[in-house]
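Enquirer: can't give you the sequence, but here's the structure:
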């Protein structure tokens with residue numbers, strides 16, 4: 001995380017001390033580095049050099065408008081999975097011709113919204129969805145461009161909650177069904193088949209699953225072209241892992257692309273990749289204040305003001321995030337848990353770790369929290385969601401205000417009969 005670094009004992013984001021942000025904005029607060037976003041995006045652009053390609057940012061990873069505006073300005077497209085993400089992407093300035101709409105449960109209103117914005121394409125995940133798109137496009141006098149999401153039946157070895165390409169997954173359709181759907185599209189007036197899509201999961205640490213899945217899906221591209229379909233786009237998904245642990249070594253974007261480059265060239269299609277975690281994870285940290293220190297028997301706890309309601313990944317996936325002091329406390333607490341204020345035993349940010357020996361009131365940084373952090377935050381226990389801050393060089397700004405108690409009841413109505 002070269003854009004997060006120490007100067008003396010102080011932890012900085014680019015040219016700004018994180019302690020300054022914590023003092024001004026409070027905690028918990030997410031802080032994002034513009035330079036880190038740009039660095040990761042350009043890593044991907046450089047890796048795909050020599051190919052006809054487009055990098056679409058997976059909006060689900062981080063949907064803050066400032067983050068999205070930054071990436072749109074860099075030339076990225078957007079991979080969306082809901083009407084809300086479509087609204088955000090358009091508002092942030094993404095070219096609709098660079099927006100791809102994925103997800104197994106697109107509602108009629110979401111499909112109509114996508115048609116209205118003239119997005120590049122819908123990734124179709126079932127026969128029922130395809131029929132729905134044809135019907136709605138006909139009603140609204142639109143031509144819907146689609147890609148078929150194929151399930152290549154590849155195991156990734158990642159956590160079951162983020163593995164999406166195995167044969168019993170809810171995502172995509174088998175190759176045989178994809179061919180049948182392509183035949184059906186030939187009889188449709190308002191749907192145009194222009195692509196093939198596959199995505200086998202997230203945080204994949206090895207190249208082999210990617211290579212296997214992309215080779216299988218590329219065969220479908222060639223088969224459909226051979227049957228006369230104008231397949232212009234091959235969406236290879238995302239899933240490139242990031243090293244959350246300091247001692248991890250994972251494939252780089254260049255190693256990833258070099259492993260599949262011959263296959264991609266053979267398809268003679270424009271390549272779309274939809275990276276979210278790779279672009280955003282290392283571009284963000286979560287600042288949290290130590291509220292209390294306690295021991296229960298032989299167990300040491302560091303209690304912070306951030307919990308699973310702010311960063312769910314450790315509780316949901318057992319995910320690992322490094323935790324460091326913002327202002328260089330000395331020593332460590334062996335075998336301790338960093339826990340939050342939520343009334344759940346599973347509320348933790350780090351477990352059985354050598355944590356910084358930070359006193360009450362000191363601020364810690366939970367690293368690599370820029371992806372699937374705020375986007376998965378909740379108001380559980382009626383706790384306001386945290387603030388978000390963007391840093392660029394020596395400047396910083398709050399890009400989402402911290403919620404207040406009044407925000408928690410906004411939209412709620414107590415009926416007169418109570």
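Expert: Looks like it arrived, so ask away. Quantities reported herein were computed from a predicted structural model and do not represent experimental measurements.
Enquirer: State the helix or strand in which the residue nearest to residue 53 when sequence neighbours are not counted lies.
Expert: Here the nearest residue to residue 53 in space, its sequence neighbours aside, is residue 271; by CB to CB, 6 or more residues apart in numbering that works out to 4.2 Å. Just so you know, the C-beta spots here come from the backbone N, C-alpha and C atoms, and that holds for glycine as well. Secondary structure assignment for residue 271, by DSSP states H and E: strand 270-273.
Enquirer: Identify the residues contacting that strand?
Expert: Applying CB atoms under 8 Å, 6 or more residues apart in numbering, the contact partners of strand 270-273 are 44, 48, 51-56, 77, 100, 195, 197, 232-238, 264.
Enquirer: ok, the residue nearest to residue 140 when sequence neighbours are not counted - contacts?
Expert: Closest residue to residue 140 in three dimensions, ignoring its sequence neighbours and counting by CB to CB, 6+ apart: residue 115, at 5.8 Å. With contacts defined as CB under 8 Å, 6+ apart, residue 115 is in contact with 136-137, 140, 142, 144.
Enquirer: Looking at the longest strand along the chain now, give me its mean pLDDT.
Expert: If each strand of the chain is counted by residues according to DSSP state E, the longest one is strand 284-296. Along strand 284-296, the predicted confidence averages to a pLDDT of 97.
Enquirer: So for it, what gets flagged as buried?
Expert: Going by neighbour count (16 or more other CB atoms under 10 Å), the buried part of strand 284-296 is 284-290.
Enquirer: And stretch 32-41, by the same measure?
Expert: Neighbour counts using 16+ other CB under 10 Å place 32-38, 40-41 of stretch 32-41 among the buried residues.
Enquirer: Work out the gap between that stretch and the centre of the chain.
Expert: On the basis of CA atoms, centre = their mean, to the nearest Å, stretch 32-41 sits 14 Å off its chain's mean C-alpha point.
Enquirer: list the contacts for the most centrally placed residue in the chain?
Expert: Against the mean C-alpha coordinate of the chain, by CA atoms, centre = their mean, the closest residue is residue 61 at 2.0 Å. By CB under 8 Å, 6+ apart, the residues touching residue 61 are 276-277, 279-281, 371-372, 375.
Enquirer: Now it. Nearest residue, chain neighbours left out?
Expert: When the adjacent residues along the chain are set aside, residue 61 lies closest to residue 276, with 2.9 Å between them (CB to CB, 6+ apart).
Enquirer: Which strands border the strand holding residue 271, and is each parallel or antiparallel?
Expert: Strands flanking strand 270-273 in the sheet, each with its direction: strand 53-58 (parallel), strand 233-235 (parallel) (DSSP bridges).
Enquirer: quick one: buried residues of the last one?
Expert: Meaning strand 233-235. Along strand 233-235, the positions that meet the burial threshold by neighbour count (16+ other CB under 10 Å) are 233-235.
Enquirer: Might one say that residue 245 is in contact with residue 320?
Expert: Yes: using CB atoms under 8 Å as the test, residue 245 is close enough to residue 320 to be in contact (5.7 Å).
Enquirer: Between the two, tell me which one has more neighbours.
Expert: Neighbour comparison, residue 245 and residue 320: the larger count goes to residue 320, with 15 against 10 (by other CB atoms under 10 Å).
Enquirer: Backbone torsions only: list them for the residue lying closest to that one once chain neighbours are set aside.
Expert: By the measure of CB to CB, 6+ apart, the closest residue to residue 320 outside its immediate chain neighbours is residue 244, 5.0 Å from it. Recorded main-chain torsions at residue 244 are phi -70, psi -30, according to degrees, to the nearest 10.
Enquirer: mind listing what residue 244 touches?
Expert: Residue 244 makes contacts with 281, 319-322, 368, as judged by CB under 8 Å, 6+ apart.
Enquirer: Can you give me the domain assignment for this structure?
Expert: With domains defined by the TED database, the chain comprises 4-32+281-409, 103-273.
Enquirer: Span of the first one from start to end?
Expert: Just to be clear, that refers to domain 4-32+281-409. Domain 4-32+281-409 has an end-to-end distance of 36 Å (CA to CA, to the nearest Å).
Enquirer: right, and residue 5 touches residue 15 too?
Expert: No: with contact defined as CB under 8 Å, residue 5 and residue 15 do not form a contacting pair (10.2 Å).
Enquirer: which one of these two has more residues nearby?
Expert: Applying other CB under 10 Å to residue 5 and residue 15 shows that residue 15 carries more neighbours, namely 14 against 11.
Enquirer: chain center to the longest strand of the chain: distance?
Expert: 25 Å.
Enquirer: Next secondary structure after that strand?
Expert: Downstream of strand 284-296, the first helix or strand assigned by DSSP H and E is strand 299-304.
Enquirer: could you say what helices and strands whichever helix or strand comes after that following strand packs with?
Expert: Note on strand 299-304: by DSSP H and E, the next helix or strand toward the C-terminus is helix 313-317. For helix 313-317, the packing partners by 3 or more CB pairs under 8 Å, 6 or more residues apart in numbering; DSSP states H and E come out as strand 348-356.
Enquirer: contact partners of the strand it packs on?
Expert: Residues contacting strand 348-356 (CB under 8 Å, 6+ apart): 288, 302, 304, 306-308, 311, 314-315, 320-321, 323-325, 329, 331-340, 364, 366.
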